[in-house]
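A.B. asks: With the input below, show me the fold.
(chains A and B)
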There are 2 protein chains.
Amino acid sequence: MASAYGPVVPTSPSRCTLRPLDAGAVRLDPGGLLGSWQARNAAATLPHCIEQLDVRGNLRNLRRVTGEADGAFSGMWFADSDVYKTLEAAFWDLGRSGGGDPAFRAEVTALLEKAQDPDGYLDSYYQTDHRDRQWSELHYSHEMYCAGHLIQAAVAAARAAAGDEAGQQLVGVARRFADLLVRRYGPDGADGICGHPEIETALVELYRVTGHRPYLALAARFVELRGHGLLGGDRFGPRYFQDHAPVRHAREVAGHVVRQVYLLAGAVDVAVENGDAELLAATERLWESALASRTYLTGGQGSRHRDEAFGDPYELPPDRAYAETCAAIGSFQWAWRLLLATGRVRYADAMERFLYNGIAVGIGQSGREFFYANPLQLRTGHDGSDEDAPTQRLPWYSCACCPPNLARLMASLHHYTATGDARGLQLHLYASGRYASAGRTIEVSGDYPWDGRISITVRATDERPWTLALRVPDWCASARLSVNGAEFGAPAQAGYLRLARTWQPGDRVELVLAMPPRLIAAHPRVDAVRGTVALARGPLVYCLEHLDVPEALSGAVFEDIELDPAGPVQAVPAAGLAPVRLTATVSARGSTDDDLYRPLDPAARPAATGAVVSSVPYFLWANRAAGPMRVWIPLAGPAAP
Amino acid sequence: MASAYGPVVPTSPSRCTLRPLDAGAVRLDPGGLLGSWQARNAAATLPHCIEQLDVRGNLRNLRRVTGEADGAFSGMWFADSDVYKTLEAAFWDLGRSGGGDPAFRAEVTALLEKAQDPDGYLDSYYQTDHRDRQWSELHYSHEMYCAGHLIQAAVAAARAAAGDEAGQQLVGVARRFADLLVRRYGPDGADGICGHPEIETALVELYRVTGHRPYLALAARFVELRGHGLLGGDRFGPRYFQDHAPVRHAREVAGHVVRQVYLLAGAVDVAVENGDAELLAATERLWESALASRTYLTGGQGSRHRDEAFGDPYELPPDRAYAETCAAIGSFQWAWRLLLATGRVRYADAMERFLYNGIAVGIGQSGREFFYANPLQLRTGHDGSDEDAPTQRLPWYSCACCPPNLARLMASLHHYTATGDARGLQLHLYASGRYASAGRTIEVSGDYPWDGRISITVRATDERPWTLALRVPDWCASARLSVNGAEFGAPAQAGYLRLARTWQPGDRVELVLAMPPRLIAAHPRVDAVRGTVALARGPLVYCLEHLDVPEALSGAVFEDIELDPAGPVQAVPAAGLAPVRLTATVSARGSTDDDLYRPLDPAARPAATGAVVSSVPYFLWANRAAGPMRVWIPLAGPAAP
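C.D. replies: Next comes the predicted model:
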């Protein structure tokens, strides 16, 4: 019964403002930045993930269940989830490109079906060495987290590759597990929730694909059961699991970030399907709390390594930013759900900011190296010997949640760019490509985000009037629009520009988003970046890398570089996919005193030599060489004592 | 053969510059601050620790070995160490006061002897449920860490209470375990080291007490074996254990702070006894690396909660300071050893700074509540629900290393104040009380550290000339000295003032350490406190607590308080043990914009209302009420954008 084919397809009539586009409605141009990411994902990241599932033993774990392999269990106890996320990516990419690796999809699906218990249970960790602990340690086990990712893979198969035989088989596997969960934890079963949310959104999506209401009811039940201490104690306390307060009463995001944002994505899904306005309002309130004081400039979230948690309000250290790639992906998916539900532009603004910074930084230009944590500063002398805070992107991690999460997001990225229905089309993320909805087709071109000029040509349309809505991002102070060469209205500010008319094929809309370089300061309560400034342009945050320090300052310690806020900041034009750099004036603080602590002397400012430095988009750092980097640059001049 | 009786008594002729004083040589006045801490320790902390050993099951763990108790093992697998540290405190306090709880000392010692295996092994965790893992997981087990604390308790018994029967029995228990270690890991045994250092310094101290050289040789062997990867991998990597580089070649402190500083204390002991100049130089070099860029203003060390580690150079966040109480204690003990070895005043300066700030803050005024981590900032809205970062001191911890560590330090504190030999007496920490050495006695009085005037009266002396050395602390820009009322020499700066003469009973020395309030800035590379200032006076760092915010600013958010560096900072006199407060001029930043990120606008400074605020010594925070606090206060004026 699936009628539309991206991630998150609320049923009709559910409580939703915007509608996702149908399968095949969007084709991104691989010559544009987002399209190039999708192409790289198919060519490099997805094959790399598939290879790693073999190399790291994830598939062997499942073959241990079927008796086809022996040896010890490999990796984290929730290693099955890496298999599911890769499978989900493979099915989205099949839908997108019609290609990929059919043997991988078919063989893994067959393996899963073979490994599944007769009652539907599937978890290679518990099925082999830990049968006695099955279902007995939900706070820790990730059993339903893994089930959730299995279901998400099946949803991708159902939506993006409805005719695929392996996909149909996978939906069967997922449904059998979901049915077991309904029997075991449904209204007639036990009160139990998973320590790591994911099953909530997965069950709603499976309901959307199948129309089977018990899946939705179970998801709603899981959301409501949370926050009552069911998970018991843990070394990190109940907030770690968001088990300290029910979602609908919580005032602030808390605890482990990925758990929190996955839970809230599921809560939006439940709220939308059940028309639960109170629950939807709670998720919006929690969104505000996250964005008001617990989100990095890059959209990264999670200020602590210890428990991968949000931290206190305004606790946003750039050096120890955890800002897990999965957290940025999860918040992007949460924002998409809120955008569909409410139509509020702030969610699309956040999606753009998260995508181009906190998410994109997680993957290297090769498509085969990844960051798990994403600091906004790396110091001279950084100890990168630990996987927790490496100096460069790594090919894989012992906890490998992020790489296949990037693969599934990138494979489905085109679905997040636009919405539409009979009344019109709404463009949220600008990416070169073709967009179709309700019999109308438009083409978007330009060099966004390097250039703010976006061209939209109507390629096909019916004769009824419809509305083209174009997002003017929050970072844009002035947007100009012309239709077929004629200036349209006054320069616009942030929000959606809506053009309602009876369109003709060949109509051409030009949107010019003014994109001057910006100097950004943080709220003074963000102690960790007091007296510093960040460079940005368009949706991109920039950073200073050690290897761009100009010759004139080559003797300086990287940490002594300061930016002159009175100097010009200029964009350096570039062609095609080459990044636009920003230049600024910097100097090096002279060191007259090496003491760690010294008397305050506001007058002391040793002479400095000025020079022009070039900065690169944050998401591209550590692609040329390893070494010190910073987003927040100390201000030169009397402003910095 | 012990001839002197404090912690750390290098043998003669070992490579040492200063000599600790004999047992009973120092009696602190309970009317002075350090003496009051010792009295509180005996009256409150030590009985509280003894009670907790019962309540928390530590003693029951040992009775499970002897068959006198059943039930499950309680607490951390190294819970025996809490017993040993409390026992050590009890023996030091017996030596100090002649009092304490004889039943506790006797019964626990008897229990230990009964629980000990015939071969000398003693570890209630491995002896009961985990015999199969005994000696098989040295990176994790803490077996030798526990043995080390057992030995330290025995050393205290031997030195401070040589005639005590239980003490003699305890020395026997400790020696049997030490002899087992010599057989097992000595030159003829296996290559093995403990994941958590402590055994190194303990074995040297046991050698000093017994004269048995194999203990010293084994300690030296453990120091040399470290740094060659013997401990294998761990989720935190080999640096966590300091197993990445041999001590004598390491360039920088690294990893888990308590492990690092305990190891280096042991390395100094080995170097001193073996006359190993290269090893001693390595420990001094590592000291410099710690103090140059990895030590908080309070003397706290450890910038990361995740792995309790030092962190990168200049990574010193005040809010997430870990600064474990045990780390400050360990560094204090390391510094004492370096002071004895080298006589360099910088080690005494550091001991004072660590003691009055990073150590003292760990214990509440009741003596029954403790901090484990010691942040320099607590924010409005702090989540204190977790033992890792509580809002107030707690009566105990699931990992209770700090409370009994404070108890053993406080019980032996008088031993760390002075040194001496036939040539004279050296005062390092100023504390009211009596000091004796080589037949001479002096009396120290005054209200230090609240007041910089220190009076020293010679009470007994022989007729030979000797030298009284008085430390002028690094924070003191000007010290004046008078002898019997006559000004002596020009005002002096940091270092030791040495008065050589033939003294007469009744001779009176007055030292006046100028103690104006100070405004302190951090090195500009300490990003986390850029644009802020700290208040200090004498050895004390001050902090601003929420409940001292003046009425005029009562509507302000605590984090919006800024200090006017041009305003006066004044000390408020107080009598006796009451703390001296500092007053300063503050204002509240007006908030015109709640956005977390905004365009840089250096001109924007909303009007502020000024008021005078009172600050308290950092070590006293959170004694009146829980709530926000900060050591580093943002600077008002154009300096803070």
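A.B. asks: Please count neighbours and contacts with C-alpha atoms only from this point.
C.D. replies: OK.
A.B. asks: how about the helices of the stretch 351-500 of chain A, start to end?
C.D. replies: Counting by DSSP state H, counting those that start in this stretch, the stretch 351-500 of chain A has these helices, from start to end: A:402-411.
A.B. asks: Walking through it, point out its strands one by one.
C.D. replies: Counting by DSSP state E, counting those that start in this stretch, the stretch 351-500 of chain A has these strands, from start to end: A:377-378, A:418-421, A:424-427, A:433-437, A:440-446, A:453-460, A:466-472, A:479-483, A:486-487, A:495-501.
A.B. asks: ok, the third one: who's next to it in the sheet?
C.D. replies: Strands that pair with strand A:424-427, judged by DSSP bridges, come out as strand A:418-421 (antiparallel), strand A:466-472 (parallel).
A.B. asks: Give me the distance between it and the centre of its chain.
C.D. replies: Centroid displacement of strand A:424-427 relative to its chain, using CA atoms, centre = their mean, to the nearest Å, is 22 Å.
A.B. asks: which residues touch that strand?
C.D. replies: A:417-420, A:437, A:466-471 (CA atoms under 8 Å, 6 or more residues apart in numbering or on different chains).
A.B. asks: From these, pick the one nearest residue B:284.
C.D. replies: Set against residue B:284, the nearest of these by CA to CA is residue A:417 (59.5 Å).
A.B. asks: Is that closest one in contact with residue A:428, as I believe?
C.D. replies: Yes. At 5.5 Å, residue A:417 and residue A:428 qualify as touching, with contact defined as CA atoms under 8 Å.
A.B. asks: what residues are up against the residue most central in space within chain A?
C.D. replies: Closest to where the C-alpha atoms of chain A average out (CA atoms, centre = their mean) is residue A:329, at 2.0 Å. By CA under 8 Å, 6+ apart, the contact list for residue A:329 reads A:354-355, A:359, A:405-406, A:409.
A.B. asks: In ChimeraX, how would I pick out whichever of these are buried, leaving the exposed ones unselected?
C.D. replies: Buried members of the contacts of residue A:329 can be picked out in ChimeraX with the line below, counting by 16 or more other CA atoms under 10 Å in any protein chain shown:
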select /A:354,355,359,405,406,409
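A.B. asks: okay, the strands of the stretch 351-500 of chain A in TSV with mean neighbour count, mean pLDDT and distance to residue A:347 next?
C.D. replies: Formatted as TSV, the strands of the stretch 351-500 of chain A follow (neighbours: other CA atoms under 10 Å in any protein chain shown; pLDDT from 0 to 100; distance: least, CA to CA, whole Å):
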stretch	mean neighbour count	mean pLDDT	distance to residue A:347
strand A:377-378	23	98	27
strand A:418-421	22	95	13
strand A:424-427	22	97	13
strand A:433-437	22	96	21
strand A:440-446	21	97	22
strand A:453-460	19	98	21
strand A:466-472	21	97	11
strand A:479-483	19	95	19
strand A:486-487	12	93	28
strand A:495-501	16	95	11
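A.B. asks: Please produce JSON lines containing those strands, extended by distance to residue B:92.
C.D. replies: Formatted as JSON lines, these follow (distance: least, CA to CA, whole Å):
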{"stretch": "strand A:377-378", "distance to residue B:92": "46"}
{"stretch": "strand A:418-421", "distance to residue B:92": "74"}
{"stretch": "strand A:424-427", "distance to residue B:92": "75"}
{"stretch": "strand A:433-437", "distance to residue B:92": "78"}
{"stretch": "strand A:440-446", "distance to residue B:92": "78"}
{"stretch": "strand A:453-460", "distance to residue B:92": "78"}
{"stretch": "strand A:466-472", "distance to residue B:92": "72"}
{"stretch": "strand A:479-483", "distance to residue B:92": "76"}
{"stretch": "strand A:486-487", "distance to residue B:92": "87"}
{"stretch": "strand A:495-501", "distance to residue B:92": "72"}
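A.B. asks: Among those, which comes closest to residue A:152?
C.D. replies: strand A:418-421 (21.1 Å).
A.B. asks: Can you tell me what sits against the closest one?
C.D. replies: A:18-21, A:425-429, A:435, A:437-438.
A.B. asks: Put the alpha carbons of that strand into CSV.
C.D. replies: What follows is strand A:418-421, C-alpha atoms only, in CSV (Å, rounded to 0.1, in the frame of the first residue of the first chain):
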residue,chain,number,x,y,z
ALA,A,418,11.7,18.8,-1.6
THR,A,419,8.0,18.2,-0.8
GLY,A,420,4.9,18.6,-2.9
ASP,A,421,1.3,17.8,-3.7
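A.B. asks: Tell me which stretches of the stretch 51-200 of chain A form helices.
C.D. replies: With DSSP H, counting those that start in this stretch as the criterion, the stretch 51-200 of chain A has helices at A:58-66, A:80-97, A:102-115, A:124-128, A:138-141, A:143-160, A:165-185, A:199-210.
A.B. asks: What residues sit buried inside stretch A:185-194?
C.D. replies: Quick answer for stretch A:185-194 (16+ other CA under 10 Å): A:185-186, A:192-194.
A.B. asks: For it, give the mean pLDDT please.
C.D. replies: If you average the pLDDT over stretch A:185-194, you get 96.
A.B. asks: Over to stretch A:300-313?
C.D. replies: In this model, stretch A:300-313 carries a mean pLDDT of 97.
A.B. asks: Name the nearest of the contacts of strand A:424-427 relative to chain B.
C.D. replies: residue A:471 (20.3 Å; CA to the nearest CA).
A.B. asks: in the sheet, who's paired with that closest one?
C.D. replies: Here residue A:471, judged by DSSP bridges, has bridge partners residue A:496.
A.B. asks: returning to what we had before: which of the helices or strands spans the residue nearest to the centre of chain A?
C.D. replies: helix A:325-342 (DSSP states H and E).
A.B. asks: what inclination does that helix have with respect to helix A:199-210?
C.D. replies: Going by axes from the mean of the first three to the mean of the last three CA atoms, to 10 degrees, helix A:325-342 is angled at 50 degrees with respect to helix A:199-210.
A.B. asks: circling back to that earlier point, is it possible to get a markdown table of the contacts of residue A:329 that adds distance to chain B and pLDDT?
C.D. replies: Output for the contacts of residue A:329, formatted as a markdown table (distance: CA to the nearest CA, whole Å; pLDDT from 0 to 100):
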| residue | distance to chain B | pLDDT |
| --- | --- | --- |
| A:354 | 14 | 98 |
| A:355 | 18 | 98 |
| A:359 | 19 | 98 |
| A:405 | 23 | 98 |
| A:406 | 24 | 98 |
| A:409 | 27 | 98 |
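A.B. asks: Please spell out which residues along stretch A:69-78 are buried.
C.D. replies: A:73, A:75, A:77-78.
A.B. asks: I should have written stretch A:537-553 there, sorry.
C.D. replies: Result for stretch A:537-553 [16+ other CA under 10 Å]: buried residues A:537-547, A:549-550, A:553.
A.B. asks: among those, which are in reach of chain B?
C.D. replies: On the criterion CA under 8 Å from any CA of the partner chain, none of the entries of the buried residues of stretch A:537-553 sits beside chain B.
A.B. asks: Pick out the most distant pair among those residues.
C.D. replies: Largest separation among the buried residues of stretch A:537-553 by CA to CA: A:539 and A:553, giving 29.5 Å.
A.B. asks: follow-up on the earlier one: let me have the buried residues of stretch A:185-194 in CSV, adding distance to residue A:93 as columns.
C.D. replies: Listed next are those as CSV, based on distance: CA to CA, whole Å:
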residue, distance to residue A:93
A:185, 33
A:186, 33
A:192, 34
A:193, 32
A:194, 29
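A.B. asks: Those also near chain B: which ones?
C.D. replies: Of the buried residues of stretch A:185-194, not one also sits near chain B (CA under 8 Å from any CA).
A.B. asks: Would you mind measuring the gap between the ends of stretch A:496-515?
C.D. replies: End-to-end span of stretch A:496-515 (CA to CA, to the nearest Å): 17 Å.
A.B. asks: An error on my part: the question was meant for stretch A:386-401.
C.D. replies: With CA to CA as the measure, stretch A:386-401 spans 17 Å from end to end.
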